[in-house]
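Engineer: would you be able to build a 3D model of this:
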Amino acid sequence: MTQTTQTTLEVLAPDGIGEVVAGTDLTALVAPYVADGDVVVITSKVVSKAEGRVLAGDREQAIRDETVRVVARRGSTAIVETRLGIVLAAAGVDASNVEPGSVVLLPEDPDASARCIREDLAASYGVNVAVVVSDTAGRAWRHGQTDLAIGVAGMLPFESFDGRVDGYGNPLAVTAPAVADEVAGIAEVATGKLGNRPVTVVRGLAGRVLPPGEHGPGARALVRPTGSDMFGLGSREAVVAALSGRDQEAFGSPAAPQDLVRALEDCGLRADPAGDHVVVAAELDDLRVAVLAFAFGWQVDRDESGDSATVLVPLS
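Structural biologist: I've put the predicted structure just below:
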């Protein structure tokens, strides 16, 4: 007889946590609800409040201060890369559930915050848990928001299936569930946005909790480096970057010759790959050539003006 196994998750979002202010002991606040093997999810806003990351002042200025790079802007909405490397609307600066005239910034180092809470729970209460610091974000292509992990300690933030095979024998190459984000999403369903329940305990994932003293790589490992993200700029911002010659790193490493040739041809230019370079049937000052070369990580090598052709080579 075939044996089957099942995983049962219990999600607890306790009431009565109360108001958190600068200096609140989050470990003592969480401890009554946790047991060995639990995953504790704490909203970033609560962590920020406890760490004194509430500021009085202008929200727009706070967003500018926390922004490293504007990824996309539509009207008053700005999607930006924060100093943490995370891409969020308004740099994660929040003016809700806080005194009027004040804003809450993201934690200074969410991974460090998660590690600290985990270590304190182990040292003071003898429980080995994983800790996730969550925040809310929108998604490309989809309406609505969901919570994701911006800080993680005590569990691997994602699980790579690279090198494994599925039930049909097909190899898995790029399958890597973002487990920490999934857990943050589960927690948000239980807490709700207006429930005043900033702490959630997810029970049933003990097999994912790392041994004491092992924290894992943190949520930072979930962030795609600039240049490896296929959507590192908004559609309008990509046009501006290519025309202005800015933000080259957002376009990634040089594209393959056939990809550049295809793009040139899509723009009405005749182009041919020739070894390590591409010859374009266009004058050197043709703006289309310059813009496409920049966006695809190539550059002009020389102008074969006698043939009305321009030679492009990859950026080194």
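Engineer: okay, buried residues for whichever helix in the chain runs longest please.
Structural biologist: Secondary structure of the chain per DSSP state H: the longest helix is helix 110-125. By 16 or more other CB atoms under 10 Å, the buried positions in helix 110-125 come out as P110, D111, S113, A114, R115, C116, I117, R118, E119, D120, L121, A122. Placement of C-beta: from N, CA and C, glycine included.
Engineer: need those residues in CSV (columns: distance to E66).
Structural biologist: Listed next are these as CSV, based on distance: CB to CB, whole Å:
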residue, distance to E66
P110, 13
D111, 17
S113, 16
A114, 20
R115, 22
C116, 21
I117, 23
R118, 26
E119, 27
D120, 27
L121, 29
A122, 32
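Engineer: quick check: of those, which lies closest to S253?
Structural biologist: If you rank the buried residues of helix 110-125 by distance to S253 using CB to CB, D111 comes first, at 27.3 Å.
Engineer: what is the nearest of the buried residues of helix 110-125 to S316?
Structural biologist: Looking at the buried residues of helix 110-125 and their distance to S316, the nearest is D111, at 34.4 Å (CB to CB).
Engineer: show me the contacts for the closest residue to the closest one other than its chain neighbours.
Structural biologist: Nearest non-adjacent residue to D111, counting by CB to CB, 6 or more residues apart in numbering: G218, 3.5 Å away. Going by CB atoms under 8 Å, 6 or more residues apart in numbering, G218 touches D111, A114, R115, G151, V152, A153, P157.
Engineer: out of those residues, the closest to A290 would be?
Structural biologist: Using CB to CB, P157 is the member of those that lies nearest A290, at 40.3 Å.
Engineer: about what we covered before: what helices or strands is the longest helix of the chain leaning on?
Structural biologist: Using 3 or more CB pairs under 8 Å, 6 or more residues apart in numbering; DSSP states H and E, the elements in contact with helix 110-125 are helix 26-30, strand 39-43, helix 44-50, strand 130-139, strand 142-153.
Engineer: in terms of secondary structure, what does the host helix or strand of L88 contact?
Structural biologist: Using DSSP states H and E, L88 sits in strand 87-89. Packing contacts for strand 87-89, counted by 3+ CB pairs under 8 Å, 6+ apart, involve strand 77-82, strand 130-139.
Engineer: mean neighbour count, those: which tops it?
Structural biologist: Sort those by mean neighbour count, taking mean count of other CB atoms under 10 Å, and strand 130-139 sits at the top with a mean of 24.
Engineer: which strands and helices lie in contact with that one?
Structural biologist: Where contact means 3+ CB pairs under 8 Å, 6+ apart, strand 130-139 is packed against strand 39-43, helix 44-50, strand 87-89, helix 110-125, strand 142-153, helix 179-191.
Engineer: orientation of that strand relative to strand 39-43 in degrees?
Structural biologist: For strand 130-139 against strand 39-43, the angle by axes from the mean of the first three to the mean of the last three CA atoms, to 10 degrees is 50 degrees.
Engineer: buried stuff in the lowest-mean-pLDDT helix or strand in the chain?
Structural biologist: One helix or strand of the chain scores below all others by mean pLDDT, DSSP states H and E: strand 298-304, with a mean of 83. The neighbour-count check on strand 298-304 (16+ other CB under 10 Å) flags W298, D301 as buried.
Engineer: who does it touch, helix- and strand-wise?
Structural biologist: Taking 3+ CB pairs under 8 Å, 6+ apart as the contact cut, strand 298-304 packs with strand 277-280, helix 287-295, strand 309-314.
Engineer: strand 309-314 and the longest one, what's the angle between them?
Structural biologist: Okay, so that is helix 287-295. Angle of helix 287-295 versus strand 309-314, following the same axes, to 10 degrees, is 10 degrees.
Engineer: domain ranges for this protein, per the record?
Structural biologist: Taking automatic domain parsing as the reference, the chain has its domains at 10-222, 253-314.
Engineer: ok, which of the ones you listed comes nearest G232?
Structural biologist: With CB to CB, the closest approach to G232 among the domains of the chain belongs to domain 10-222: 6.9 Å.
Engineer: returning to what we had before: for the helices and strands packed on strand 130-139, which one ends up most surrounded?
Structural biologist: Of all the helices and strands packed on strand 130-139, strand 39-43 carries the top mean neighbour count, a mean of 27, counting by mean count of other CB under 10 Å.
Engineer: so, low pLDDT: which residues of this structure?
Structural biologist: Along the chain, the model assigns pLDDT under 70 to residues 1-6, 174, 193-195, 305-307.
Engineer: noted, bye for now.
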